[in-house]
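A.B. asks: compute the structure for the input listed below.
(one chain, ligands or ions: 1)
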Amino acid sequence: MTLTAGVVGVQGNVAEHAAAIERAASDHGEDVVVHEIRQSGVVPDCDLLALPGGESTTISRLLHTEGIAPEIRDHVAADKPLLATCAGLIVASSDARDDRVEELGLLDVTVERNAFGRQADSFEAPLEVAGLEAPFPAVFIRAPAIDAVGGATVLAEWDDRPVAVRDGPVLATAFHPELTPDSRLHRLAFFRGSSD
Ligand code: GLN
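C.D. replies: Numbering: from 1, shown residues only. The predicted structure is shown next:
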């Protein structure tokens with residue numbers, strides 16, 4: 001069976017996520033077709049979804065005006081996997097503490113935008129992630145931190161702050177797993193039960 005994947009492409013790192021999904025699927029022995037999502041009507045056909053980084057205020061506004069927001073909520077309610085990265089994490093959260101962001105409330109966490117400060121607003125770190133054997137090369141770009149974790153499970157911390165969490169079918173990272181050739185995080189998000 002060929003899987004159908006969607007990368008929400010209203011703004012952000014679409015091509016990189018699509019390539020990472022293809023690598024993760026092939027590592028897992030699955031065929032996948034990846035669609036870029038800019039309008040409503042595509043998400044309902046998707047088995048798995050990525051919500052990329054970019055600018056969370058813009059992404060959340062476009063998701064609502066294009067009618068994609070309720071479709072993403074239905075996708076998660078149907079227990080289908082969603083990987084939300086960086087601004088995607090902010091949009092997927094239950095509280096971004098910013099009136100300009102209309103959260104999807106898919107992930108029981110509060111986030112702080114741009115939490116790692118100006119001086120270190122972009123950096124790469126070897127991150128220990130629960131479920132992965134070797135550290136993951138995590139690229140942080142004006143990354144948010146997760147401040148309060150409600151029902152979500154913390155998978156990784158940096159500087160004593162959660163930066164990767166799972167809440168049911170949703171896996172969210174403050175960093176950009178699509179920007180390295182390492183597709184283990186996509187595999188962890190989309191092929192639960194697989195280990196490496
Ligand atoms: N700082 C951005 C925001 O708050 C997120 C940055 C990113 O996705 N790389 O929306």
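A.B. asks: give me the number of residues near residue 27?
C.D. replies: 15 (other Cβ atoms under 10 Å). C-betas here are computed from N, CA, C, even on glycine.
A.B. asks: that one against residue 183, yeah?
C.D. replies: Yes: under the criterion of Cβ atoms under 8 Å, residue 27 makes contact with residue 183 at 6.5 Å.
A.B. asks: not counting its neighbours along the chain, what's nearest residue 88?
C.D. replies: Nearest residue to residue 88, sequence neighbours excluded (Cβ to Cβ, 6 or more residues apart in numbering): residue 51, at 3.5 Å.
A.B. asks: element containing residue 181, please.
C.D. replies: For residue 181, there is no helix or strand it lies in under DSSP states H and E.
A.B. asks: next, count neighbours for it.
C.D. replies: Other residues lying near residue 181 total 8 when counted by other Cβ under 10 Å.
A.B. asks: got it, and residue 100?
C.D. replies: 12.
A.B. asks: can you tell me which residues contact it?
C.D. replies: Residues in contact with residue 100 (Cβ atoms under 8 Å, 6 or more residues apart in numbering) are 57, 60.
A.B. asks: how close does it sit to the ligand?
C.D. replies: 10 Å (Cβ to the nearest ligand atom, to the nearest Å).
A.B. asks: repeat that for residue 183.
C.D. replies: In terms of Cβ to the nearest ligand atom, residue 183 sits 19 Å off from the ligand.
A.B. asks: for that residue, phi and psi?
C.D. replies: Per-residue torsions, residue 183: phi -100, psi 20 (degrees, to the nearest 10).
A.B. asks: do residue 48 as well
C.D. replies: Given degrees, to the nearest 10, the pair of backbone angles that residue 48 has is phi -150, psi 150.
A.B. asks: ok, it touching residue 21?
C.D. replies: Yes: counting by Cβ under 8 Å, residue 21 is a contact partner of residue 48 at 7.4 Å.
A.B. asks: where exactly do the helices run in this protein?
C.D. replies: Along the chain, the stretches classed as helices by DSSP state H are 14-27, 56-65, 69-77, 87-92, 184-190.
A.B. asks: most packed of these?
C.D. replies: Using mean count of other Cβ atoms under 10 Å, the stretch among the helices of the chain with the largest mean neighbour count is helix 87-92, at a mean of 30.
A.B. asks: which positions in the protein make contact with the ligand?
C.D. replies: Proximity of the chain to the ligand, by Cβ under 6 Å from any ligand atom, involves residues 53, 54, 55, 56, 86, 87, 90, 113, 114, 141, 142.
A.B. asks: make CSV out of the residues you listed and add pLDDT.
C.D. replies: Shown next, in CSV, are the residues of the chain next to the ligand (pLDDT from 0 to 100):
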residue, pLDDT
53, 94
54, 94
55, 95
56, 96
86, 96
87, 96
90, 98
113, 95
114, 92
141, 94
142, 93
